Every structure is written in C-alpha cells, then in structure tokens.
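J.: sequence and predicted model, in that order:
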Amino acid sequence: MERITAAAESELWFTERMAGTGFQYSLQVAEVLHAEVTPFQRLEVFRTTGFGTAMVLDGFVNVSDKDEFFYHEVMAHPALFIHARPRRVLIIGGGDCGVLREVLRHGDIDHVDMVEIDERVVRVAERFFPALTASNSDPRAAIRFEDGVAWVRDAADASYDVIIVDSTDPVGPAEGLFGAAFYADCHRILTDGGLVVVQSESPLFHQGRLAEIHRCLRGAGFADSHPMTYPTVIYGGGTWSSSIARKGRRLGDGVRWDDIDNRPFTTRYYDRGIHTGLMSLPGYLAPVLSGL
C-alpha cells in the first residue's frame, strides 16, 4: 500500500507490481475495510473508488466487485457446457466463492466439493462479498477447509466430471497446484470425457508458465488442452487466461450449444459467441504452444 500526496488532497493507493515485467497498476482506496494475517497469507479488503470492494491476498488482488464476472464465468461455464452430463464437480481453492456460485447455477449438478485451504478467505468473503457467496448454503455444496493437493491425491478414480482449479499465483499455498503430479491425479479422478480448468496466469507476461502448464496437462494424459483468454482489469494488465483440458475426447466434441443458448440463468459475459472465441487460439500464442 502506498500513500501518494497530490496537490489538492492526500490519496491512498494500493499498487500491485508484477515482478520481472516492468508493469504495475494501482487502485485508489477509499477505505481499508479489513486486514489480517491468516495461517497461510496476508488478507486485506479495500473499498476502492472505481472497482467496488476488492480482496487482496499477499499483495495481489484476488477479486473485485467490478470485474469478477469475467473470471468466474469463464472458469465455470465452458467446461460445464462441453461435458455431456456433469453431475459431480470439484473446485480447488475458490475461497471468494464466485466459481461455486456459477457452478451451482447449473440445475443438473448433484454435488460440488469446494476444497479451500484457508477458511479465513471464505469467512471474510461471506462478510464483504455477499453476491459472491450467495450460494454457500446450497445443499448441493460441501465447503471443505483442507489441502487441495492432498484431496486430489486421495480421491477415488473417476469420482468427478469436472475439476476447477481456482488458485492464486503459483507461490505459497498454491504452488503445488501447478505441478505435473497434481495434473496426473486430476486426470485419474476424472470420469471419461471429464474436464479440468486451471487458472493459468497472464498470456502476455507469463507465456513460459502457460506453456509449461499445457506440457504438464498433455503429459498427464489429457487428450486436448487449450488456453482461454479474456479481459479482466485487475489481473495482469487487462488480459488473463484459464486453461481447459479434457480426458479422452477433444474439447469441441459434443458441446451443448442449444443449452448455452437456452440457459435458464443470466450471464454478464459468457454466451455462445464468447465460448467460440475462448476456443480460438490468439495468433500471438500459437508459437508459445507449438509442438505440444
């Protein structure tokens, strides 16, 4: 957090720097709503002047009211509309609960396990982000405060249809969620045709990491994988990526286009056209992912 004194007034700004990129951005803070050090990380909540309420974990913005829907809708809906009949979903991380909310909008889902290592993130989100946590009491949801890597390692074979890895950056408690062994366990516990979606960093600034994620996904046995790029202001300068992979089938097989068009819930970003765009590889990423 930095204080910058302007000519007419004192202003409080939160600045996030992306190490090694030469890039940073700032949010003007109207009020510090909450700050604590949990057993796992530093957690802060700010009321900003332009982005509503924002949660910050270890100095990195995790979520804001203004643009959360881009990320949460992309993490949830493409996989759930590609799968022929998703019934059991596993969310690893996801402490702000926005992905859980989006998954539970699908009425055919029978059960969701959300495994978040830091209970304080969920409890603070329930206090300051009621729109994100509105589905936490859904009887189909089981929120578990455990280590996601261990949960996946110990899960039974073919026990989930979709896995969504809604992690922070690959440092601290999230580091193990980006390794080859973790992706191999995800492949093992998915049903045939099942999908995994992982937060995969900035497609502009973290291209080496993005390529490594896809090498690990293919090495773990996934038949097809693809980066989905989309706008989001609070991550990585305006463009972010989530990567999707499928067990035993291609990502374009069996997409439920009619269900996308006739979905019984409202989305702010995701629709048929966005799904098509998410599955198109931007030209600048083609050399990054060549040879996979």
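T.: Alright, I've got the coordinates.
J.: can you give me the strands in the stretch 151-292 of the chain?
T.: If you assign secondary structure with DSSP state E, counting those that start in this stretch, the strands in the stretch 151-292 of the chain sit at 160-166, 190-199, 224-232, 238-246.
J.: show me where this protein has helices.
T.: 68-82, 98-103, 119-128, 148-154, 180-189, 207-219, 257-261, 272-278 (DSSP state H).
J.: of all those, which lies closest to residue 163?
T.: Closest to residue 163 of the helices of the chain is helix 180-189 (Cβ to Cβ; 5.2 Å). In this view, the C-beta of every residue, glycine as well, is placed from N, C-alpha and C.
J.: restricting to C-alpha, output that closest one in PDB.
T.: Backbone C-alpha positions of helix 180-189 (Å, rounded to 0.1, in the frame of the first residue of the first chain) are rendered in PDB as follows:
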ATOM      1  CA  ALA A 180       2.800 -32.400 -13.200                       C
ATOM      2  CA  ALA A 181       1.900 -34.800 -10.300                       C
ATOM      3  CA  PHE A 182      -1.200 -32.800  -9.400                       C
ATOM      4  CA  TYR A 183      -2.400 -32.800 -13.000                       C
ATOM      5  CA  ALA A 184      -1.800 -36.500 -13.300                       C
ATOM      6  CA  ASP A 185      -4.000 -37.000 -10.200                       C
ATOM      7  CA  CYS A 186      -6.700 -34.700 -11.700                       C
ATOM      8  CA  HIS A 187      -6.700 -36.900 -14.800                       C
ATOM      9  CA  ARG A 188      -7.000 -40.100 -12.700                       C
ATOM     10  CA  ILE A 189     -10.000 -38.900 -10.700                       C
END
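J.: isn't residue 163 up against residue 194?
T.: Yes: the criterion here is Cβ atoms under 8 Å, and residue 163 meets it with residue 194 at 7.4 Å.
J.: on that earlier part again, now mean neighbour count too, for the helices of the chain, in JSON lines please.
T.: JSON lines is the format used below for the helices of the chain (neighbours: other Cβ atoms under 10 Å):
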{"stretch": "helix 68-82", "mean neighbour count": "24"}
{"stretch": "helix 98-103", "mean neighbour count": "26"}
{"stretch": "helix 119-128", "mean neighbour count": "19"}
{"stretch": "helix 148-154", "mean neighbour count": "18"}
{"stretch": "helix 180-189", "mean neighbour count": "20"}
{"stretch": "helix 207-219", "mean neighbour count": "18"}
{"stretch": "helix 257-261", "mean neighbour count": "13"}
{"stretch": "helix 272-278", "mean neighbour count": "15"}
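J.: now the stretch 151-292 of the chain, which segments are flagged as low pLDDT?
T.: For the stretch 151-292 of the chain, the stretches with pLDDT under 70 are 168-178.
J.: again, but for the stretch 1-150 of the chain
T.: Where the stretch 1-150 of the chain drops into low confidence, which here means pLDDT under 70, it does so at 1-10.
J.: all strands for it, in order.
T.: Under DSSP E, counting those that start in this stretch, the stretch 1-150 of the chain gives strands at 2-5, 10-18, 23-37, 42-48, 53-57, 60-64, 88-93, 111-115, 141-144.
J.: tell me the strands beside the fourth one, with direction?
T.: What it means is strand 42-48. Here strand 42-48 has these sheet partners by DSSP bridges: strand 23-37 (antiparallel), strand 53-57 (antiparallel).
J.: Throw these into CSV and include distance to residue 97, thanks.
T.: Output for the strands paired with strand 42-48, formatted as CSV (distance: least, Cβ to Cβ, whole Å):
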stretch, distance to residue 97
strand 23-37, 16
strand 53-57, 11
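J.: check the ones you listed for me and report the most buried one.
T.: strand 53-57 (a mean of 24; mean count of other Cβ atoms under 10 Å).
J.: got a list of contacts for that strand?
T.: Here strand 53-57 makes contact (Cβ atoms under 8 Å, 6 or more residues apart in numbering) with 14, 16, 27, 33, 41-48, 61-65, 96, 121, 124-125, 128-129, 168, 234.
J.: buried subset of those?
T.: Buried by 16 or more other Cβ atoms under 10 Å: 14, 16, 27, 33, 41, 43-46, 48, 61-65, 96, 121, 124-125, 128-129, 168, 234, out of the contacts of strand 53-57.
J.: roughly how far apart are the residue most central in space within the chain and residue 82?
T.: With distances taken as Cα atoms, centre = their mean, residue 166 lies nearest the centre of the chain, 3.6 Å away. Applying Cβ to Cβ, to the nearest Å, the value for residue 166 to residue 82 is 18 Å.
J.: can you lay out the helices of the chain as CSV showing distance to residue 284?
T.: Listed next are the helices of the chain as CSV, based on distance: least, Cβ to Cβ, whole Å:
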stretch, distance to residue 284
helix 68-82, 19
helix 98-103, 27
helix 119-128, 33
helix 148-154, 31
helix 180-189, 25
helix 207-219, 9
helix 257-261, 27
helix 272-278, 15
